[in-house]
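Sequence plus the predicted model coming up.
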Amino acid sequence: FQVKSDNGKTIWNTEDVPEESEFDDTWDPREQPEYQMLFKQCVGTEDVFFGMSRKDPSTACCEDMVIKIKLPETKYSDITLDIQDKVLDLRTPKKKLLLHLPYRVNSKNSKARFLSEEETLEVTLRVSRKFDFINFV
């Protein structure tokens, strides 16, 4: 087994670098906030009572991913949130969360709201899979 390289000075191939690793920052001393990842599915009476669609209770049939992030002693104006296809990057003065998502998401269809009473940021991400047009007709 031999790896061929275009340039003799390269020490790794671009395929060897994990996807979305450019967001990793191991030297940042801020602690990671407590978070919870939930999956949300839109169902109607045809799903619940008649079983007419192909949906099942698994995460493969969920349309949205909801991430609830606890941010105690944080103001809404202090939050910086960046959502990419497979990464959620949240930063505040005291906390940092870099979350590699289990599914690709549509960042343009995402929503976030800060619940100040609960000190929680709730991010709703629309899951984007290749064959959803077949599964969710």
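Looks like it arrived, so ask away.

Okay, strands next: where are they in this protein?
All strands of the chain, identified by DSSP state E, fall at 35-40, 64-70, 80-83, 87-91, 96-100, 105-115, 120-127.

So what are the sheet partners of the second one and their directions?
For strand 64-70, the paired strands and their directions (DSSP bridges) read strand 35-40 (antiparallel), strand 120-127 (antiparallel).

so which of the ones you listed is the most packed in?
When the strands paired with strand 64-70 are scored by mean count of other CB atoms under 10 Å, the highest mean neighbour count falls to strand 120-127 (a mean of 20). Quick note: C-beta positions are derived from backbone N, CA and C, even for glycine.

Report the angle between it and strand 87-91.
Taking axes from the mean of the first three to the mean of the last three CA atoms, to 10 degrees, one finds strand 120-127 and strand 87-91 inclined to each other by 160 degrees.

how close does the closest residue to residue 129 other than its chain neighbours sit to residue 63?
In this structure, residue 129 finds its nearest non-sequential neighbour in residue 103, 6.6 Å apart by CB to CB, 6 or more residues apart in numbering. To residue 63, residue 103 is 11 Å away according to CB to CB, to the nearest Å.

Is it correct that the residue nearest to residue 129 is in contact with residue 128?
Yes: contact criterion CB atoms under 8 Å: residue 103 and residue 128 qualify, at 7.5 Å.

thought residue 73 was touching residue 94?
Yes: contact status for residue 73 versus residue 94: in contact at 7.2 Å, counting by CB under 8 Å.
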